[in-house]
Structures are given as structure tokens and as C-alpha cells.
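Enquirer: Got a predicted structure here, sequence first:
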Amino acid sequence: MRPPDILETLRQKVFGDTVRTFGWISLLLLILLAIAPAKNFFADWHRYQRGYERLISKRSDAVTLRRHFEPGIQQIWLPEMGVVDRCTTCHTALKETTLMDVTKQPYRHHPDVPHKAEEFGCSICHRGQGTATTVEEAHQSTLAWEEPLLPAKYLESSCGQCHQQDLTGTPQLNLGRKMLAQYGCVHCHAVKRPDGTLITATDDPPSLAHIGVKTTREWIYAWLKDPQAYSTTATMPNFKLKDEDARDISAFLISSSTPAPLKLVQTSLDEAKKVKDDATLQTKAASLYGESFCASCHAVQNAAGNLVGGNIGPELTKVGSKVKLEWLQAWLRNPHDYDPPTGMPHYRFSEPEVGLLTGFLMGKSDSDLLANVHLDAATPEQIEHGKRLANDYGCASCHEINGIKRPENFAPELTKIGSKPVNQLAFAPGVPPTLHDYINAKIRQPRAFGPGLKMPQYTFTTTQVDALVNALLSHNERALTMPTAKTVAALPVSHYEPAGKAGQLINDLNCFECHTINGRGGDMAPDLTWEGSSVQREWLVQFFRNPNTLRPALIRRMPKFNLTDAEINTLTDYIMTVYQSPKIDRDSLPASGYSPGQVDLGKQLYYSKYGCQACHIIDTKQDKGYIGPTLTHVGSRLTAAWIYNWLKDPQALRSGTQEPKRNLSDDEALALTAFLMNQKGRESQEAKKR
Amino acid sequence: MKCTAFILILLAAALSISCSRQPKTFVLVLKPIAHGAAIVESSGGKQSAEVGTPLGQPVVVQVNDEQGNAVPGALVIMHGPNGVVFDPVASLTDSTGQSTINVSLGTIPGRYQLTASTATKTGKTAELKIEEIALGYQEMVGSQLNDQYCARCHNQESTPERVSNYDNLEVKPHPFTEGDTLNKMSDPDLAAIISHGGPALNKSPLMPPYGYTLSKSEIQALVAYIRMVSDPPYGAPGIVYAQQ
């Protein structure tokens, strides 16, 4: 049979007469009508809802669970935030606490988080397409929709859309934000918070205006080639420069450097040169390095290869291969002479001490570092080329360089990077086509995205990269359009400046590097905002003379700055009058004259009821706890009013402190204050007896 | 006949399309140079990390021969529950007989048992079980609070940066991993000790009350964290009962 014949027979069978035609067309219509309900019946969400009913039917609390279950398409609609989320259609058990043991999706119970789905929806945190009712469209990047679900490790970025402050529950985001400011990202990329304020950098890239005074061209060359070879903790990234490019930039930097007035003291220079070959001088210098608590800020690699010390200043393991002897002795004498805004405090070292420390630090060198660096004298062409390169790589975004202006908007602004459309991105080969994978790869291997890119190579761990991706994803369109009622603004940046002569001293000693006062400063040492209400004047004077530590377990300590009596008086007067809490009246409680009964009661409470000896030491023979400060002399250190208020609510005076509030009655707090004020230290008690 | 052939071709085309949609997987085959007799853990076990994030330290395992000497060039293959990512999955031990593997845990909070295996000379496989913990949101908040308020006394480990107070205490606090003791205490009991201090359950007053410092949800988060890290693992009473 030929095909036309088949068609002919078919036509006769189907449309042979009216009844037949009607019958067939009716059947066709029925089938067409059945398509919609069938599609509905076989839809993903329907299948999942039936699965859920099967799942709960076998459980002992099936009746309750079935009562909670609402069949059909569910929707959370929050017009003011632009949320239309139908996720709860399939994710039926989000709120069922009795289904904690179910780990099969989509029936998992949602972990307890501070926000309710009814108030925020799902896609605000998880992204994805809220209106979709099929699995693929809701979760994955499809042709029509390019915002896939966020992987669990990037979820904290969503908290950052509204919360501009650090949260306990978002360690990754907190770290990422800190890194954005700390690793120089914001020197090149502008990043604005939703309220319009720019994120400001917290690092302090050194000025290169007088670089030739400080170091050699050879060191600059080696540093430019690989900063981490000099110091593993260096924040400067690797620009992957070619040998000749590093040669030319180093030539340009040296040629553009202007002289700086360095005070040279011949005796110190001679002393410094002696240290190298004199074992006794070396021991003396090492103990001066220790006594001055240089290690509170600077790290040095020990024999085992571990870094020991703080990370506020640069690592000093190979400092002798970097700086010039003349520069170092001038720097140690007064760092502000060379670099006024430096964070390094002005120690008032004596000349022999300057010499000792200079010699000691110059000995910390690595002969391998510059062994293979041989540079010929630079030609004018090389210097010109070096300047062009310094412009091209945006060196002046971070560093002050003579002859180059700080470029504006050197790199793309990242205020909306977290919602950048994927179709505007150029992906490197092998990078999955999602925004978060793009950002991740861009931080890990910026130069893999094409030739001629300028973004340098950082050495971050996986955790650090993930943290940065979290911070960047939080800067998106949604964060900018979030209703202000839902947002929590960042803590305002404090520009507090102490006034007068004391203010000059505070800046000269760089107290803010470690201490916070009125919201400005570091967190290594106690907040001093209310120090004047807290301590007794005499103690403070003694402390400046000889800063004994209050906490034996701490290795980072306050250095001795060798202040003169006049300087100490100026500082103490200022602290005692200006840094007062408005809520504490220093003179409301007496320093002494408590009844023996009160003192005894206080002692009982201290040792028996409240177990304070767990963390504090009063009797050095018997008490061992050393989390809190030693209290042997507390009666001559703190004011009674401060002790009383602290005992009543420590967190109110210093938030985040470990000591818990105990809800003491007024009498108990007073008795404990009496007992503590009685602790004036052994010497003063003996003095009293005499 | 032509019809049938046409339909067959159509079917074949459909089949090939549906097959090609499946993701292609490439299995990298590493050939071991040597075989050991046993596999042991060097470091990296019993860590905890937020769900879906990499563990802070990599897992390091070592392959030994019968005499207990390290075997370089032995093949180590990692297995784990769904969602766990190993980098790399299969590796050859280095010159010290060790393999270093970065691990990201899955998205479900809980304990993850990972297996490291290596083929022995006799053709059998030697296995090593390693346990890691993935912290959910609540447990993660608890772990942060633990760092801030509890660890100085409850964690025996002492570092120069963070000296432990454990040895200084007359009555020793229970490390949170001490499941034998802590698992016997109910959630409300733990919450009561944290809120009201040791004396609430007739225990030492050296444990101070944190009920006026921490919020209720923070204390719950701490309890969740303590339950998560306890060793042996904590089984909620309800579930144990149901199994019996």
C-alpha cells in the first residue's frame, strides 16, 4: 500500500460519516480537556505533597501533622519587600519541630533562625525564584532566570543585606567585611553601604615618598616580585610582574623618592654596629626587645617556623635585609619624624637603647633574600617605563608616590556586585556560570580571566575566600532597596580626637592602636572611655611609670614608654577629668572606712556564694584563677563606685566582657565592694601597721 | 516497513537525546605505586565547621606497612555521606606516607563519618573512620558563645595566646565533649546550670550564672552546641525511646 492509500483509508474510517466525525472530534476534545488537570496532577509540587502525606501517615503524631498541612499551592506575599515565595508548597515541614529526624528534602525542618518566614519569605535569604512551582526553575539558573539558590556556605551574605553591623551568627560575613577593609580591596574598588557611606580601609599602606631613605632598590625589586617571600603575612598582593617590569618600577620608586630629614646620632650608630659581634650586647638587646613588648604588635618567626607575636605592625623576621641602619635608628628614636600618621608609638628610648635595638633588629636578616638580585644602574627610559607601569597598576591607589596622583575609581565599583547579571560577566574557562562561583574564582585566580588584567594575586585560604565572597554578595540591589524599617545601620565611624596637650601625647604614643576611646581605636587593650571613673589617680600615675600587667595570663602587654613626670601628669589629669561615665559618681562611695562586718560578709560572698576565686586572685598562695585581672591591690586601683557598679552589671560598663551579671542585691554588692576595697596589697598593709 | 523504520529512528534519537542530558562524569584513575597494610589518622579528625563550609584544618592520613613504617605512593580514597566534598577524592601518599585532603561537610547539621581507604598487598582494603561535625545555625551561634564565655574554663587545651583556666579550678568543670556525664543531663538541667550557675543543681559555685547576661535563645544555642559535640554522641531521649 502506498502512503496516499493509507491516508485515504484513514480519512474514510474517521470522517466516513457525520456520527463517526462527531465521535472522533468529541474524543479529541476530551483528551485536550484532560491535559490541564493531568499536568496539574503530575506537577512536581503535587508529587511532593503526596509524598509528604505518605511520610507523615506512618508517624505517631500523624493527626497533628495532617492538621498543620495545607494542600495546594502556598504563597508568602510581602509586597513591600518584593517577595512572592511559593517555596512552602513543596517544603511542607519547615515549621514541624517533631520532624527533626527527617533529612530528606523537601521535607526537612528549618533550623531555628532569628527571623520568621512569614515576615521575610524565603528568597530574601536563599535567593532562587520564589514564584516558580517546578524544582528546576525554583532552584537553578535557567534561561529565564539567573539567580540560583545560594549554597549553604554563602547564606550569611543574605544577613548582610540588612545588617550592616557584625552579628554573632555570621562569623563568615564578619570576617569577609573585615578583610574588605583590611586587605586594601577598597583602595581600588569603591564599595558603598546601602546608606550611601563608603567602606573605608583599615590598613595603612606606607607612603613611598621617601622610600629611598628607608630601603634599597634591590629589596624593592625582591618585594615587588614576591611580597610573601619576604614575609608570609604580608598583605601586599603579588602583581606577578615580569623581571624587567619589577626592575623598572623599583628604578622609578627610587628616583622619585625625596630625602627625609633623619636625625643621625653617631654614638647610637656605633653602638648598633657593635651588637652584631657581641653576645652580651645581644642578650641585653633581646631583653630590651622583650621588655618593650615589641612582640605585642610585631611577629617574628621562631626556630620551628611559627610566627610569634602580634599582627598590628609588620613581621620583623627579615627586617635587617630590608631597612637601612641609618633609617632604623632614626625610626626607633621617633617614628613620627619619618611618617607622621604611623601607628608605631613614640617610645622615649635613650640613645644607648636606640643603638642596642637598631643593632638587634639589623641582625634579623636573611642572606638568601637578595642573593640573586643584581640590578644595573637605571636608564631614563627604564624610569619612564617604571612610572607608566606604576600608573597602570594603580600603585598610587594605596601608596603615596611622588609624581603620581591617587587615581579616582581605579577599579570597578562593587556596590551592586552581589546582584550583577550573569550575562554581563566574562567567565574564565572551567568556572561554573553562577555569580558566586564567578566572584570566588575572580578572587582566587584573577589573572585566569584573560590577558592584561591588573587585579593582583592574593594568598588567601579557602575560608578567607569564602568569607570575602559572602561580604561581596551582600552588596546587591536588594540591599539598596530594602525598606529602612527592616535594616540595621552600621555603627557610625568615630572620628574622636582628644584635645590639647594630652591629645598630642595620646597621638604621639598612638594609644588608639590598642585602646578604644569614645568608639575610636583598637580592641587589643581595654576600652578607656570611662577610665576616669574607674581608677584612682595615684595608681594610674604608678602604672604609667611602670605598667605591670593586671592579667598574668596575657602575653600582649602595655609597653613602658619612658614618659617624663610632666607627661604623666598631663595624661593622668586629662584621663581623670575627661574620661568620666555620666552614670557613675566617683565620690558616691568612700575608698575606706567600711565596717569589719561588711568586709567579712563580702569575703564570704566572694569565696563561698559567688566563687569569684575561679577567675580572680586575691590571696596569691591559695587562689589560682587567672581569667580576670588580679585583685590583690584592687582597693588601691579602682574606685569603690566603679566596683559597685561593675558588680551590679559588668556588661553595662564593658559590653562583651566575660564576667556575668549576677543580679546582686544592693547589700551584697556593697559588702563585696567593702571586701574588695580592703585589698590594698601587702606592702600598703604593712605600711599601715608600721 | 518504512513506517516502523521511521519510528525506530525517532525512538533512537529520543533515547540518545535523553541520555546526553545526563552529566558526564570523568573518573580520574590514579595508579598506586606501593601498597600499605594499614591506614591511620595523622590529624584533622573531630573538627567542627558550619554546614557546607570547609573544615579549618585538612584531614591528614598516613598509610603504613606491616612494620608500621610509612608507605609513600599508596592510593588513598575518601568516601563520605552525600554532600561531603573531598579535595582530592583520590590521592597518592607523599614521600612521608601521608595524604592531605581538604574536606567540606554537607548541608545537614550533625556528625559525618568519613572513610579513608587504601588497597593492601593482599587485595583487601584497609579502612579508617574519621568523624567530623557540621554545625547548623544554632550550634554555630553556640560555638561562638562557647569561645567567648565558656571555653576558658571548660576547654583543657591551653595555648600561649589563650591560656586555659581549667587546671586552676578546685572543682573541675566538665569539658563539653564529656558525653558520659553531660548526656545524662536533660536540656532543662543544662539550661538551668547555665542560667543560674552551679548551685542551681547543687554543684560548685565556681560555675557562675549567665542567665542575666545571655538571652534565652543564646542559652538554647549553647545547649544545642554542647549536645552536638558530646562524645559519645547525644541521643535525644524521645528518639531513643521510639527505637526501643
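Expert: Sure, I can see it.
Enquirer: neighbours of the nearest residue to B:Asn146 once chain neighbours are set aside, just the number please.
Expert: Once flanking residues are discounted, B:Asn146 sits nearest to B:Tyr225: 5.9 Å by C-beta to C-beta, 6 or more residues apart in numbering or on different chains. The way it works is simple: take the backbone N, C-alpha and C, and place the C-beta from them, glycine included. Using other C-beta atoms under 10 Å in any protein chain shown, B:Tyr225 has 25 neighbouring residues.
Enquirer: any idea which element B:Tyr225 lies in?
Expert: helix B:216-229 (DSSP states H and E).
Enquirer: Just the buried positions in that helix, please.
Expert: B:Glu218, B:Ile219, B:Gln220, B:Ala221, B:Leu222, B:Val223, B:Ala224, B:Tyr225, B:Ile226, B:Arg227, B:Met228, B:Val229 (16 or more other C-beta atoms under 10 Å in any protein chain shown).
Enquirer: what's the neighbour count on residue 88?
Expert: Just going to use chain A. For A:Thr88, the tally of surrounding residues (other C-beta under 10 Å) stands at 20.
Enquirer: my bad, chain B
Expert: By other C-beta under 10 Å, 15 other residues sit near B:Pro88.
Enquirer: Ok, the one 10 residues further on next?
Expert: Using other C-beta under 10 Å as the criterion, B:Gln98 is surrounded by 18 other residues.
Enquirer: Then A:Ala38?
Expert: A:Ala38 - counted by other C-beta under 10 Å - has 11 other residues nearby.
Enquirer: Name whatever forms a beta bridge with the residue positioned nearest the centre of chain B.
Expert: Residue closest to the average C-alpha location in chain B (C-alpha atoms, centre = their mean): B:Glu132, at 1.1 Å. Beta-bridge partners for B:Glu132, by DSSP bridges, are B:Tyr112.
Enquirer: Quick check, it in contact with B:Tyr112.
Expert: Yes: between B:Glu132 and B:Tyr112 a contact is recorded at 4.9 Å, counting by C-beta atoms under 8 Å.
Enquirer: Give me the below-cutoff pLDDT ranges for chain B.
Expert: B:1-29, B:236-244 (pLDDT under 70).
Enquirer: Look up the closest residue to the residue of it found nearest chain A, ignoring the ones flanking it.
Expert: Relative to chain A, the nearest point of chain B is B:Gly52 (2.9 Å; C-beta to the nearest C-beta). Once flanking residues are discounted, B:Gly52 sits nearest to A:Ala152: 2.9 Å by C-beta to C-beta, 6+ apart.
Enquirer: thinking the one you found is in contact with B:Leu105, fair?
Expert: No: counting by C-beta under 8 Å, B:Leu105 is not a contact partner of A:Ala152; they are 9.4 Å apart.
Enquirer: mind listing the helices for chain B?
Expert: B:2-20, B:137-145, B:151-154, B:179-182, B:187-196, B:216-229, B:237-243 (DSSP state H).
Enquirer: How about the contacts made by the residue in chain A positioned nearest to chain B?
Expert: At 2.9 Å from chain B, A:Ala152 is the closest residue in chain A, using C-beta to the nearest C-beta. The contact partners of A:Ala152, taken as C-beta atoms under 8 Å, 6 or more residues apart in numbering or on different chains, are B:Glu50, B:Val51, B:Gly52, B:Thr53, B:Thr107.
Enquirer: residues contacting the most centrally placed residue in chain A?
Expert: The centre of chain A sits closest to A:Lys178, judged by C-alpha atoms, centre = their mean, with a distance of 2.8 Å. A:Lys178 makes contacts with A:Thr202, as judged by C-beta under 8 Å, 6+ apart.
Enquirer: That one belongs to a strand?
Expert: No: using DSSP: H, G, I helix; E, B strand; the rest coil, the assignment for A:Lys178 is helix, not a strand.
Enquirer: Would you mind measuring from it to A:Ser231?
Expert: 20 Å (C-beta to C-beta, to the nearest Å).
Enquirer: near chain B, which residues of the stretch 551-690 of chain A?
Expert: Residues of the stretch 551-690 of chain A that fall close to chain B, judged by C-beta under 8 Å from any C-beta of the partner chain: A:553, A:555, A:608-611, A:613-615, A:624-627, A:651, A:656, A:658-663.
Enquirer: mind running it again at 7 Å?
Expert: The stretch 551-690 of chain A has residues A:553, A:555, A:608-611, A:614-615, A:624-627, A:651, A:658, A:660-663 near chain B, with proximity defined as C-beta under 7 Å from any C-beta of the partner chain.
Enquirer: May I see the PyMOL selection of the buried members of these?
Expert: To isolate in PyMOL the members of those that are buried, counting by 16+ other C-beta under 10 Å, one can use:
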select buried, chain A and resi 553+555+609+610+611+614+615+624+625+626+627+651+658+660+661+662
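Enquirer: Can you list which of the residues of the stretch 551-690 of chain A next to chain B are found in helices?
Expert: Cross-referencing these against helices under DSSP H gives A:Gln651.
Enquirer: Output the lengthiest helix in chain A as CSV - backbone C-alpha positions only.
Expert: Counting by DSSP H, the longest helix found in chain A is helix A:18-41. What follows is helix A:18-41, C-alpha atoms only, in CSV (Å, rounded to 0.1, in the frame of the first residue of the first chain):
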residue,chain,number,x,y,z
THR,A,18,-21.3,12.5,10.5
VAL,A,19,-21.6,10.3,13.5
ARG,A,20,-18.1,9.0,13.2
THR,A,21,-16.8,12.5,12.7
PHE,A,22,-18.6,13.7,15.8
GLY,A,23,-17.4,10.8,17.8
TRP,A,24,-13.8,11.3,16.9
ILE,A,25,-13.8,15.1,17.5
SER,A,26,-15.5,14.6,20.9
LEU,A,27,-12.8,12.2,21.9
LEU,A,28,-10.1,14.6,20.8
LEU,A,29,-11.8,17.4,22.8
LEU,A,30,-12.0,15.2,25.9
ILE,A,31,-8.3,14.5,25.6
LEU,A,32,-7.5,18.1,25.1
LEU,A,33,-9.6,19.0,28.2
ALA,A,34,-7.7,16.4,30.2
ILE,A,35,-4.3,17.9,29.6
ALA,A,36,-4.7,20.7,32.1
PRO,A,37,-5.8,18.5,35.1
ALA,A,38,-3.2,15.9,34.1
LYS,A,39,-0.4,18.4,34.0
ASN,A,40,-1.5,19.6,37.4
PHE,A,41,-1.7,16.0,38.7
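Enquirer: Lovely, talk soon.
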